[in-house]
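> the sequence and its predicted three-dimensional model are supplied below.
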Amino acid sequence: DGGITQSPKYLFRKEGQNVTLSCEQNLNHDAMYWYRQDPGQGLRLIYYSQIVNDFQKGDIAEGYSVSREKKESFPLTVTSAQKNPTAFYLCASSIQGSVVGYTFGSGTRLTVV
Amino acid sequence: GQNIDQPTEMTATEGAIVQINCTYQTSGFNGLFWYQQHAGEAPTFLSYNVLDGLEEKGRFSSFLSRSKGYSYLLLKELQMKDSASYLCAVSTFSGGYNKLIFGAGTRLAVHP
């Protein structure tokens, strides 16, 4: 079955440590996206990528980094520069240029202690 | 700038009808989506409107007026399982890139 996989589902890290969230899709989608969601709030765009080796900053990119070395993979690194990293992180993918909407992963809940 | 507004919370009774409104101001409009999201889960697709008018899909309907920057989601014959957050999202196309911009979501509580 085609889909988009995020791992792990729950992640705990100490303050000041970098952490990388995984996102893999086998849908042959060109575009991939990372969103952050805080309690009671909507999704805010962190980074997005339309093709391999290219990515763009979203609305809240500070303290985050991404790479897109393969079409299937779009990992997100939460760096120590991110002031408030505890949140629910959602990865999504879509066909480039499509307006049909996204396929979402199941999310990773990151807690920094 | 980009702005999407929807009510924060709504309550309704099982079996009733509820309308969730969404107003938006965006550039490069490519359509409007409604998603349902249960706590701790990913959003699931409900509807998509790109032309003015009403789209009906079972118990759910969605309306769009592009000239007014306005949409609503109508839920009929409410069930307890409809208690969730409902996210309005606008598809925008700018600088060669397509992306979805989300509103903050409306938390709907359905009571017996």
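Cool, got the structure. Every value quoted in this text rests on a predicted model; they were computed, and no experiment measured them. Numbering: from 1, shown residues only, chains lettered A, B, ... in the order given.

> C-alpha only now, for contacts and for neighbours.
Will do.

> count of neighbours near the residue in chain B that chain A sits nearest to?
Residue nearest to chain A within chain B (Cα to the nearest Cα): residue B:104, separated by 3.7 Å. By other Cα atoms under 10 Å in any protein chain shown, 23 other residues sit near residue B:104.

> and the closest residue to it other than its chain neighbours, its phi and psi?
Leaving aside its chain neighbours, residue B:104 sits nearest to residue A:42 (3.7 Å; criterion: Cα to Cα, 6 or more residues apart in numbering or on different chains). Note on residue A:42: its backbone torsions stand at phi -80, psi -170 [degrees, to the nearest 10].

> OK, contacts around residue A:42?
Counting by Cα atoms under 8 Å, 6 or more residues apart in numbering or on different chains, residue A:42 makes contact with B:87, B:102-105.

> where does the prediction get shaky in the chain?
No chain was given, so I picked chain A. Residue ranges of chain A with pLDDT under 70: A:1, A:96-100.

> meant chain B actually
Scanning chain B for pLDDT under 70 picks out the ranges B:1.

> next one: the top strand by length along it to chain centre, how far?
In chain B, assigned by DSSP state E, the strand with the most residues is strand B:84-94. Distance, stretch centre to chain centre, for strand B:84-94: 7 Å (Cα atoms, centre = their mean, to the nearest Å).

> and it, anywhere near chain A?
Yes: using Cα under 8 Å from any Cα of the partner chain, we find that strand B:84-94 touches chain A at B:87, B:91.

> next SSE downstream of that strand?
Where DSSP states H and E defines the elements, the next helix or strand beyond strand B:84-94 is strand B:97-102.

> distance check, the residue of chain B closest to chain A against residue B:72.
Separation of residue B:104 from residue B:72 (Cα to Cα, to the nearest Å) stands at 15 Å.

> which residues in the chain form strands?
Answering for chain A, as no chain was given. Per DSSP E, chain A carries strands over the ranges A:4-7, A:10-13, A:19-25, A:31-37, A:43-51, A:54-57, A:64-66, A:76-78, A:87-94, A:103-104, A:108-112.

> meant chain B actually
B:3-5, B:9-13, B:18-25, B:29-37, B:44-49, B:53-57, B:60-65, B:70-75, B:84-94, B:97-102, B:106-111.
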